[in-house]
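Trainee: I'll drop the sequence and a predicted model, then ask my questions.
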Amino acid sequence: MFVEEEGGRFGVPCLGSRLSTGEIDPARARSLTDASGVTWERAMAGAGLDPEAIGPDPALLSWLDVFVELHVEQGRALEDTDHAVGVASAIWPHGRWRMDFRGRADHAGTTRLEDRADPMLPFAHTILAARALAERHEARATVAKGLITPNGTNAIPSLVSAWLDARAADRAALESVVEGVREAADRAARDHGVSLAMTAESTTPLVEFSHDLRDRLAGIVGGRAAESAGPVPVLPTGAGHDAGVLSAHVPTAMLYVRNPTGISHSPQEWARPEDSHAGVLALADVLADLLAVPGGTR
């Protein structure tokens, strides 16, 4: 539906839906850069597109009465039930923070330990702190991307740029995790003679999907389930989606298809064909119900 949902190249997820709804300034989007310093504007122009044409699209929003997104579950809560399809309740607040640890490049073999300003050391402390804080607050905190300069086997780095991905069930827990990581990173940086700059690249608040629409979908999906299966599961998620961005503008809902392993963002992610089929049928039932007009016509 929308471009750049993952935000893997330019750092801001759900960029297409954020632009369409006016939740990011087009000038900022055009100036976003990838790891090689290429701007979004330059990349668009290189693909034969007009970077000046991006921005809010009120016409698109005016066409939408309801937005329903069908997605493979990112987790394995449904696997422990008799249901192939579940309904989303909320998206956890989450965000991405860039951390730049600046030290001094030097020779790994000749520089005494006490003379070093090695940014790899506070970087390592920060990764461990993020994990500990996530456990303490029952949250998620991951440092999964890092760029090392000059990245030589016999050189002490001058710069480590890394990204923290943090998510939690509520805003207070998320803020506690991020602030705890910031304090740990700053303390470790000072201990090793390194400077730290930490900035938020993207933040997304808690999204609670419309309860009326959520309950309506659960009733529709439950109509296909066996009586012995019980109520359709209504699940929160820590993963971001375009549906979360659109929820501030139109009634929005999500359907999840059972994921037997819970693996996501990996070539090993999959869903059983029969469960995928059940998801498509559930979406068809939902659309038929939403399109129904009083009096029996469609």
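Mentor: Cool, the structure landed. Residues are numbered from 1 along each chain as shown.

Trainee: Give me the phi and psi angles of the residue of the chain most remote from its centre.
Mentor: In terms of distance from the mean C-alpha position of the chain, T110 ranks first, at 42.7 Å (C-alpha atoms, centre = their mean). With angles defined as degrees, to the nearest 10, T110 sits at phi -110, psi -20.

Trainee: how about the helices in the chain?
Mentor: Counting by DSSP state H, the chain has helices at residues 15-21, 26-31, 40-46, 58-63, 120-136, 171-191, 211-222, 242-246, 273-291.

Trainee: Please identify the most buried of the ones you listed.
Mentor: Ranked by mean neighbour count under mean count of other C-beta atoms under 10 Å, the helices of the chain are led by helix 242-246, which reaches a mean of 25. (C-beta placed from N, C-alpha, C; glycine too.)

Trainee: ok, now which ones touch the nearest residue to M44 once chain neighbours are set aside?
Mentor: Nearest residue to M44, sequence neighbours excluded (C-beta to C-beta, 6 or more residues apart in numbering): P51, at 4.2 Å. P51 makes contacts with R30, W40, E41, M44, A45, as judged by C-beta atoms under 8 Å, 6 or more residues apart in numbering.

Trainee: Pick the one among those residues closest to E135.
Mentor: The shortest gap between E135 and any of the contacts of P51 belongs to W40, at 35.8 Å (C-beta to C-beta).

Trainee: residue closest to the middle of the chain?
Mentor: G240 (3.9 Å).

Trainee: That one reaches T204, doesn't it?
Mentor: Yes - using C-beta atoms under 8 Å, G240 makes contact with T204 at a distance of 5.8 Å.

Trainee: got any ranges where the stretch 101-250 of the chain has weak pLDDT?
Mentor: 225-229 (pLDDT under 70).

Trainee: swap the cut-off to 80 and go again
Mentor: In the predicted model, the stretch 101-250 of the chain carries pLDDT under 80 at residues 223-229.

Trainee: Let me see the contact set for the closest residue to G55 other than its chain neighbours.
Mentor: Leaving out its chain neighbours, the residue that sits closest to G55 by C-beta to C-beta, 6+ apart is P26, at 4.2 Å. Residues near P26 by C-beta under 8 Å, 6+ apart: L19, I54, G55.

Trainee: tell me the phi and psi of the residue lying closest to the first one once chain neighbours are set aside?
Mentor: Translated: L19. Nearest residue to L19, sequence neighbours excluded (C-beta to C-beta, 6+ apart): I54, at 5.3 Å. In terms of degrees, to the nearest 10, the main-chain angles of I54 are phi -80, psi 150.
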